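In: model this:
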Amino acid sequence: MLDGMDQQKFSMPRAKRLNGTAEYGKSWKSNVHVVGAIVWGIAEIYFLLPMDIPKDSSMECTLLSRALDLARDFLKDMSPDFDLPSSLVVAIDNTPREGKNAIFAGWMAYLTSKMFSFCEVQFMQVSHTHNELDQRFSSMASVVKRAESLQSLEDLKSHLEQHMVPSAGRRMHVEIVHNTWNFKQWLALGTESEISGLVSTKKEGANHLWRFCRRDLLTDARPVECEHARWQNHPSDPDDVCVTFKQFMSDRDISQAPQLIMPTHVWQGFKKSELTPMHRNPLGPTTLAEFRKTAKFVGSNPWNLLEAQSFLEKFCDDNENDTVDAPPDLVWVFSQEADLGHRVQQIEPLTFEEVPLPEEAPPRKIRVKAKAKTTVVVKRPAAAVFSRPAAAAVPSLEATAADEVHGPASAKKIKRPAASTEVLAASSAAGLEEGPVAAASFEPPAANAEDIGEDHGSAQPSSPLLDSVEAIKGRPGFLYFGCSKRRKKQTAKIGCKMCRAKGDNRAEGFRRSTQGWVYRIGEDVE
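Out: Numbers count the residues shown, from 1 in each chain. From the prediction side, this is the model:
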């Protein structure tokens, strides 16, 4: 069982003699993220992490793997003949940021490929996820509250080891984790897949039980589905990792056909040497300045908490310099001994008595597909947005860009950037509107009669030079650009939907220039 505690309950540094002082009440404290892991019948483990370590799926995978290492060491301490069992069941909450996502599902599939005959992830329903770790965290908070002084993570670790008593005869272990492994990048590059449907939406429910096993141990008679385009050409292998889902843990039947989540050639291609440490989350100059101010305060007379001052200053320096600390060494999951799954016989699946449940909509279908490639967005040069219409013999920029990115039959829309007045004026003066770029540009929006010639005293259509910001501002009766929603700024604005309509109809003094800018003149000026 894995769960995390609210960071604000553990703020560092803390001392009873500081409570009640105005300076300490206003000072900023560094939070500590505590993650608990209960290995049933063996140990309860608490990991202490600094607040700038990312709290995501990489952290969840790292701490689960470290808990397996520690559980195996504790079993070996009891007897050299003891070892981890052939199956793994993990109970976590419904947080998509940490465990209920494709990265954690991919790591469970990798554990199934070598270490276990099957792995199961259990989620309780939303609003029903209180577990034994919540009670243990409550006891921990009481122990921390009674401490006279906690100036650093080492102080917190020592205090918990001395004053907190484990429950149910389990062994207790407290460990400081300075960094985690980047499983998110490691698994994404190795599988090149994306999994949809793991989290519920407003219309559809989620599956609360995931079970991973190899193809040869799959007891369901339905064929395994494979929607990953690059995996369909590979022949089936008994060691392929598949996954089945149930909407609720008490359900008797699975909610959909088994899915292929990690073929043999994929999990065999992972290398530990390619697993890199995570980088810190930058805290920003304001937060770092406040933490340094707190460090200076607690280290001054009469408090003299020099260890707390050193802890905060080092924490700020490490975050500012992005110091990458070493994550815990994951020995067992990457060792040759971690091959229990291939040495066990087929096991009987867990069965439950059928419990009548209220009729609800079926859960979302979960699919494992190839990751979509990133689409290249081609932007039009700003100087060619409002040039002359395209010539018939020259292909448009939209068609050319779409052919390069999506093929000739594509009709993808190209993003149209805003054009600055200075660039438009320069392009007109240099004669760019006669060139091939101008020939492949948009046709200017329709202009009102007054914008074409009446306002500027010319019978020729207005150019970007004549239709500049200065020209519009200099006309008689000019009030402002845009409308009241634009707060009457003196900068060119396209305008909202309502003022654009008024500009097209020349209502209430609104006008639209040939470049589409909405501006307003006095109603008494015609």
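
In: which residues in the stretch 251-400 of the chain form helices?
Out: In the stretch 251-400 of the chain, the helices defined using DSSP state H, counting those that start in this stretch lie at 264-267, 285-299, 306-320, 397-406.

In: okay if I get those helices as TSV plus mean neighbour count, mean pLDDT and distance to V177?
Out: For every residue, glycine as well, the C-beta is placed using N, CA and C. Listed next are those as TSV, based on neighbours: other CB atoms under 10 Å; pLDDT from 0 to 100; distance: least, CB to CB, whole Å:
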stretch	mean neighbour count	mean pLDDT	distance to V177
helix 264-267	19	91	26
helix 285-299	17	95	20
helix 306-320	18	95	14
helix 397-406	16	42	44
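
In: closest one to I45 among those helices?
Out: Nearest to I45 among these is helix 306-320 (23.2 Å), distances taken as CB to CB.

In: now for that closest one, which elements pack on it?
Out: On a contact count with 3 or more CB pairs under 8 Å, 6 or more residues apart in numbering; DSSP states H and E, helix 306-320 meets strand 11-12, strand 30-39, helix 285-299.

In: Format the ones you listed as CSV; extra columns: distance to H228.
Out: Listed next are these as CSV, based on distance: least, CB to CB, whole Å:
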stretch, distance to H228
strand 11-12, 46
strand 30-39, 32
helix 285-299, 42
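
In: List the buried residues of stretch 128-136.
Out: For stretch 128-136, a neighbour-count test (16 or more other CB atoms under 10 Å) marks 131-133, 136 as buried.

In: Next up, the contacts around E98.
Out: Residues near E98 by CB atoms under 8 Å, 6 or more residues apart in numbering: 4, 55-57, 59-60, 92, 104.

In: let's go with 6 Å and repeat that
Out: E98 makes contact with 57, 60 under the criterion CB atoms under 6 Å, 6 or more residues apart in numbering.

In: So it: helix, strand or coil?
Out: Secondary structure, DSSP: H, G, I helix; E, B strand; the rest coil: E98 is coil.

In: confidence score at it?
Out: The model reports E98 with a pLDDT of 91.

In: same question, the one 5 residues further on
Out: For I103, the model assigns a pLDDT of 94.

In: Show me what the helix or strand harbouring it is packed up against.
Out: Assigned by DSSP states H and E, I103 belongs to helix 102-114. Applying 3 or more CB pairs under 6 Å, 6 or more residues apart in numbering; DSSP states H and E, we find helix 102-114 packed against helix 57-78, strand 118-123, helix 183-191, strand 209-214, strand 241-246.

In: contacting residues for the closest residue to P263 other than its chain neighbours?
Out: Counting by CB to CB, 6 or more residues apart in numbering, P263 lies nearest to D240, which is 4.9 Å off, once chain neighbours are set aside. Contact analysis of D240 by CB under 6 Å, 6+ apart lists 215, 263-264.

In: do that again at 10 Å, thanks
Out: Contacts for D240 (CB atoms under 10 Å, 6 or more residues apart in numbering) come out as 109, 113, 214-216, 218, 224, 226, 231, 234, 260-267.

In: Kindly report the same for E313.
Out: Shown in contact with E313 (CB under 10 Å, 6+ apart): 291-292, 294-296, 299.

In: any chance of these in CSV, plus distance to V165?
Out: Putting the contacts of E313 into CSV (distance: CB to CB, whole Å) gives the following:
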residue, distance to V165
F291, 33
R292, 37
T294, 32
A295, 33
K296, 37
G299, 34
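
In: With respect to M278, which of those is nearest?
Out: F291 (20.7 Å).

In: follow-up on the earlier one: what separates the helix holding I103 from the chain centre, distance-wise?
Out: Centroid displacement of helix 102-114 relative to its chain, using CA atoms, centre = their mean, to the nearest Å, is 19 Å.

In: List the buried residues in it.
Out: 102-114.

In: for the chain, what are the low-confidence residue spans?
Out: For the chain, the stretches with pLDDT under 70 are 7, 336-361, 373-467, 483-490, 523-526.

In: G474: neighbouring residues, count only.
Out: Neighbourhood size, G474 [other CB atoms under 10 Å]: 9.

In: can you pull the contacts of it?
Out: Residues near G474 by CB under 10 Å, 6+ apart: S468.

In: Please export the C-alpha coordinates of stretch 303-313 as PDB.
Out: In PDB, the C-alpha atoms belonging to stretch 303-313 read as follows (Å, rounded to 0.1, in the frame of the first residue of the first chain):
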ATOM      1  CA  TRP A 303      17.300  31.400  18.600                       C
ATOM      2  CA  ASN A 304      20.700  30.200  17.200                       C
ATOM      3  CA  LEU A 305      19.200  27.300  15.200                       C
ATOM      4  CA  LEU A 306      22.400  27.000  13.100                       C
ATOM      5  CA  GLU A 307      21.600  23.600  11.700                       C
ATOM      6  CA  ALA A 308      18.200  24.900  10.400                       C
ATOM      7  CA  GLN A 309      20.000  27.800   8.900                       C
ATOM      8  CA  SER A 310      22.500  25.500   7.100                       C
ATOM      9  CA  PHE A 311      19.700  23.200   6.000                       C
ATOM     10  CA  LEU A 312      17.600  26.000   4.400                       C
ATOM     11  CA  GLU A 313      20.600  27.700   2.800                       C
END
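
In: Please determine how far the closest residue to I521 other than its chain neighbours is located from R520.
Out: Spatial nearest neighbour of I521, excluding adjacent residues (CB to CB, 6+ apart): G477 at 4.0 Å. Using CB to CB, to the nearest Å, we find G477 at a distance of 9 Å from R520.

In: So which bits of stretch 5-16 are buried?
Out: By neighbour count on 16+ other CB under 10 Å, the buried set for stretch 5-16 is 5, 10, 12-15.

In: which one of those is nearest I366?
Out: Set against I366, the nearest of the buried residues of stretch 5-16 by CB to CB is M5 (29.9 Å).

In: Dig out what that closest one forms beta bridges with.
Out: Note on M5: beta-bridge partners by DSSP bridges are V34.

In: what's near enough to touch it?
Out: 32-36, 46, 133-134, 136-138, 140-141.

In: what kind of secondary structure is G169 in?
Out: With three-state DSSP as the basis, the three-state label of G169 is coil.

In: what's the distance between it and N321?
Out: Distance from G169 to N321, by CB to CB: 45 Å.

In: Which residue of the two possesses the greater neighbour count?
Out: Higher neighbour count among G169 and N321: N321, with 9 against 6, using other CB under 10 Å.

In: Quick one: residues contacting the more buried one.
Out: R280.

In: any idea how far it lies from K184?
Out: N321 sits 23 Å away from K184, taking CB to CB as the criterion.

In: How about F123, nearest residue that isn't a chain neighbour?
Out: Using CB to CB, 6+ apart, the nearest residue to F123 is H208, at 4.4 Å.

In: Next, that neighbour: phi, psi?
Out: Main-chain dihedrals, H208, degrees, to the nearest 10: phi -100, psi 10.

In: Could you give the secondary structure assignment for T219?
Out: The assignment at T219 comes out as coil when based on three-state DSSP.
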